[in-house]
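Asks: Output the structure for:
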Amino acid sequence: QVQLEESGGGSVQAGGSLRLSCAASGFTFSNYWMGWFRQAPGKDREEVASISKTGGNTYYADSVKGRFTMSKDKIKEVVYLQMNNLKPEDTAMYLCKAECTLPALSIYWGQGTQVTVSS
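Replies: I've put the predicted structure just below:
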């Protein structure tokens, strides 16, 4: 059974930090590109960060560059999102995504973890 289980969300004041985790199971983790997305009420879902299958390449949205860091633990099959200097505009549901294109497109989503940043 495929599972992506996010954790680590919570409520913090502006300037604070949180570390999100996404534990993967039920699929071949090493074959999948992993991403963190977020969705605030009334807004479109946006990609925040992503990491390649090998972990050698990362992508960050301009809005989080220099503040967020994504990493992966290949042994534990977990991806992390370290979020520093949080801002109220970072408030959203954060979701983990796994995607593989070969041999066929395969996409999994987690249920999400809420992050609330107060000013």
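Asks: Could you pull up phi and psi at the spatially most central residue of the chain?
Replies: The centroid of the chain falls nearest to W36 when counting by CA atoms, centre = their mean (2.5 Å). With angles defined as degrees, to the nearest 10, W36 sits at phi -110, psi 130.
Asks: Can you give me every residue that contacts it?
Replies: 20, 22, 47-50, 70, 79, 81, 94-97 (CB atoms under 8 Å, 6 or more residues apart in numbering). Where C-beta positions appear, they are placed from N, C-alpha and C, glycine not excepted.
Asks: helix, strand or coil for the residue of the chain most remote from its centre?
Replies: In terms of distance from the mean C-alpha position of the chain, P103 ranks first, at 24.1 Å (CA atoms, centre = their mean). Look at P103: counting by DSSP: H, G, I helix; E, B strand; the rest coil, its state is coil.
Asks: Surely S118 touches G16?
Replies: No - look at S118 against G16 with CB atoms under 8 Å: they stay out of range, at 9.3 Å.
Asks: Which one of those two is surrounded by more residues?
Replies: Between S118 and G16, G16 has the larger neighbour count (other CB atoms under 10 Å), namely 15 against 11.
Asks: per-residue pLDDT, the more buried one?
Replies: With respect to pLDDT, G16 has a value of 98.
Asks: any idea which helix or strand carries it?
Replies: For G16, there is no enclosing helix or strand under DSSP states H and E.
Asks: Spell out, range by range, the strands that occur in this structure.
Replies: Remark: strands assigned in the chain by DSSP state E are 3-7, 10-13, 18-25, 33-39, 46-51, 58-60, 68-73, 78-83, 92-100, 106-109, 113-118.
Asks: So which of those strands is the most surrounded?
Replies: Among those, strand 78-83 has the highest mean neighbour count (mean count of other CB atoms under 10 Å), at a mean of 22.
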